[in-house]
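1. take a look and give me a structure for this.
(one chain, ligands or ions: 1)
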Amino acid sequence: MMHILFNLLLVLSFNALADFTVDMPVQVRDGKRLKVELRTLTDLIEKPVPQEHQTFDGKYFKIVHDLSDEAISFNDSEELVFKAATAYYHLSVARKFFKEEVTKNLTLSHLDKKIVIRIDQTKAYSPTNHWKEVDEFNGASNIGPSNLLSTKTWGPEIWFHKAKMVKRKSALSAAANFVDSRDFKNALLGQMLLQDLISFSNDWLIQGSNFGRYDIAGHLMSMVFSVGIVELLPKGIKLLGKIKQRYYLDTVLIPEIIYHEYAHQALAPYLEHRKVTAITEGYPNYFASKISGLNKLGARALKHNIGDRAKSKINKIMYHLDMEFSKSAAFGSFFFGLLNDIEKKLGSQGTKVIVNAIKYLDSRSNIRHDFYDALFKSIDDVAKNRVNSKALKILLNSVMIKRGLVSN
Ligand SMILES: [Zn+2]
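-> Purely as a prediction, here's the structure:
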């Protein structure tokens with residue numbers, strides 16, 4: 001009897017620990033377009049039950065539906081299985097990237113622990129109760145483990161919220177407040193008056209001594225126009241911002257969004273969950289672009305993205321003080337572009353310098369001082385010798401000047 005029981009236990013524990021792989025249709029990008037293809041899911045935990053009861057419970061990811069704690073079953077609805085397979089596959093791709101490419105510079109031992117992934121999550125996050133009785137659609141939430149003040153306990157989780165067609169104010173309404181600030185208006189006015197002065201002096205030079213023909217009235221008009229347009233422009237943008245847009249975003253079906261969310265988890269020991277700054281959002285964009293090979297994130301996502309602007313690593317957004325500590329994820333685009341410029345400028349050492357700099361950053365780091373400092377330290381770590389270090393710092397400075405972070 002004892003012998004049989006022992007054998008049974010042995011078989012069960014063997015089965016519980018065995019990993020298996022399975023091929024399933026998942027959403028992938030073929031070059032740029034989204035399409036459905038077969039992919040192999042690895043590291044799934046085989047259950048001691050028949051095949052039809054297998055679930056999306058793996059060594060590193062457990063995929064659940066909404067508020068449930070049970071892994072989604074292979075014989076759940078076709079749509080849910082497709083979403084679960086897509087999430088499982090791309091999370092594995094992202095994990096592999098971080099394990100292979102990033103652990104050379106950063107300590108990421110937490111990536112070997114299992115995390116819970118919620119698909120079609122309908123409720124908003126609550127730091128005390130895990131979630132609250134408030135609906136949240138169209139986006140993703142990255143959350144850390146529960147703390148001592150929480151009434152429930154949970155580990156780190158990624159939530160892909162259920163997509164739902166809603167109407168919202170256009171993204172311009174957020175921009176309008178910025179454009180309407182006195183700071184911005186003064187900067188804009190300065191630029192426009194400068195343009196007038198330049199054309200004034202050009203005319204002066206071209207027309208030389210023939211002063212009589214100089215159209216002073218025309219230039220005065222132009223200057224009045226400059227002042228006027230600075231006041232009018234923000235109002236126009238504000239009006240446009242009042243237009244309601246249709247908005248629908250199924251985050252779990254867009255691979256690069258899955259990479260972005262996983263990057264938040266991977267970088268959590270350095271850049272905390274749920275602290276939104278240009279740096280904490282810009283780095284996940286950088287990694288999502290590296291893993292996917294895309295210059296633009298969230299573009300060409302068919303019916304899965306209606307109304308959310310794609311984020312491009314190729315941009316010329318200039319630094320502005322408002323970008324520090326702002327809660328607007330939009331400033332992540334500036335930082336995404338900045339990282340891309342630095343990487344390109346530093347050539348073969350660019351990626352290393354950027355990734356290694358993360359260990360000198362946290363969620364309170366600002367761009368102007370802390371990030372700049374982190375890059376200098378990182379260059380000292382990465383450079384082959386002092387000459388190389390100096391050269392890299394000069395190249396870095398040229399990018400910082402171009403983006404308005406340092407004056408030359
Ligand atoms: Zn994010």
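
2. residue ranges with poor pLDDT in this structure?
-> Low-confidence segments of the chain, defined by pLDDT under 70, are located at 1-18, 49-52, 170-180, 189, 191-230, 234, 237-238, 240-242, 325-330, 408.

3. 90 instead, please
-> When residues are selected by pLDDT under 90, those of the chain lie in 1-20, 30-32, 46-53, 104-105, 148, 166-249, 272-278, 298-312, 315-334, 406-408.

4. list the contacts of the residue most central in space within it.
-> Centroid-nearest residue in the chain: residue 285, 3.6 Å away (criterion: CA atoms, centre = their mean). Applying CB atoms under 8 Å, 6 or more residues apart in numbering to residue 285 gives the contacts 260, 297, 311, 313, 332, 333, 335, 336. (C-beta placed from N, C-alpha, C; glycine too.)

5. go ahead and confirm the fourth one touches residue 295.
-> Yes: A contact is recorded between residue 313 and residue 295 when judged using CB atoms under 8 Å, the distance being 5.5 Å.

6. shared neighbours, these two?
-> When CB under 8 Å, 6+ apart defines a contact, the residues bordering residue 313 and residue 295 alike are residue 289.

7. more neighbours, those two?
-> Between residue 313 and residue 295, counted using other CB atoms under 10 Å, the more crowded position is residue 313 (23 against 14).

8. state the three-state secondary structure for the spatially closest residue to residue 150 that is not a sequence neighbour.
-> Nearest residue to residue 150, sequence neighbours excluded (CB to CB, 6 or more residues apart in numbering): residue 128, at 5.4 Å. Recorded secondary structure, residue 128: coil (DSSP: H, G, I helix; E, B strand; the rest coil).

9. what about residue 128, distance to residue 136?
-> Shown here: residue 128 relative to residue 136, a distance of 16 Å by CB to CB, to the nearest Å.

10. so for the two, which residue has more residues nearby?
-> Of the pair residue 128 and residue 136, residue 136 is the one with more neighbours under other CB under 10 Å, namely 17 against 11.

11. the more buried one against residue 161, yeah?
-> Yes: contact status for residue 136 versus residue 161: in contact at 5.5 Å, counting by CB under 8 Å.

12. ok so, going back, adding distance to residue 42 and secondary structure, write the contacts of residue 285 out as CSV.
-> Putting those into CSV (distance: CB to CB, whole Å; DSSP: H, G, I helix; E, B strand; the rest coil) gives the following:
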residue, distance to residue 42, secondary structure
260, 22, helix
297, 25, strand
311, 29, strand
313, 30, coil
332, 31, helix
333, 34, helix
335, 33, helix
336, 30, helix
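
13. now render the residues you listed as a markdown table, adding distance to residue 27.
-> Formatted as a markdown table, the entries for those read as follows, by distance: CB to CB, whole Å:
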| residue | distance to residue 27 |
| --- | --- |
| 260 | 15 |
| 297 | 15 |
| 311 | 19 |
| 313 | 22 |
| 332 | 24 |
| 333 | 24 |
| 335 | 28 |
| 336 | 23 |
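
14. counting neighbours, which of the residues you listed comes out on top?
-> Using other CB under 10 Å as the neighbour definition, these reach their maximum at residue 260, which records 28 neighbours.

15. contact partners for that one?
-> Contact criterion CB under 8 Å, 6+ apart gives 284, 285, 287, 288, 297 as the residues in contact with residue 260.

16. isn't the fourth one right up against residue 254?
-> Same thing as residue 288. No: checked against CB under 8 Å, the pair residue 288 and residue 254 is beyond contact range at 9.9 Å.

17. contacts for stretch 57-65, please.
-> The contact list for stretch 57-65, computed with CB under 8 Å, 6+ apart, reads 19, 41-45, 47, 56, 70-72, 76, 80, 84, 87-88, 91-92, 95, 111-120.

18. now do the same end-to-end measure for it.
-> One end of stretch 57-65 sits 12 Å from the other (CA to CA, to the nearest Å).

19. in that stretch, what's buried?
-> By 16 or more other CB atoms under 10 Å, the buried positions in stretch 57-65 come out as 57, 58, 60, 61, 62, 63, 64, 65.

20. same check, this time on stretch 20-32
-> If you call a residue buried by 16+ other CB under 10 Å, then stretch 20-32 has these buried ones: 22, 24, 26, 27, 28, 29.

21. one more: stretch 293-301?
-> Along stretch 293-301, these residues count as buried under the neighbour rule (16+ other CB under 10 Å): 294, 296, 297, 298, 299, 301.

22. likewise stretch 345-355?
-> Neighbour-count burial for stretch 345-355, counted by 16+ other CB under 10 Å, picks out 345, 346, 349, 350, 351, 352, 353, 354, 355.

23. could you dump the residues you listed to TSV with distance to residue 34?
-> Shown next, in TSV, are the buried residues of stretch 345-355 (distance: CB to CB, whole Å):
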residue	distance to residue 34
345	32
346	33
349	34
350	29
351	27
352	32
353	33
354	28
355	28
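
24. closest one to residue 402 out of those, please.
-> Within those, distances to residue 402 taken as CB to CB reach their minimum at residue 345, with 9.2 Å.

25. gap between the closest one and residue 59?
-> The gap separating residue 345 from residue 59 is 39 Å, by CB to CB.
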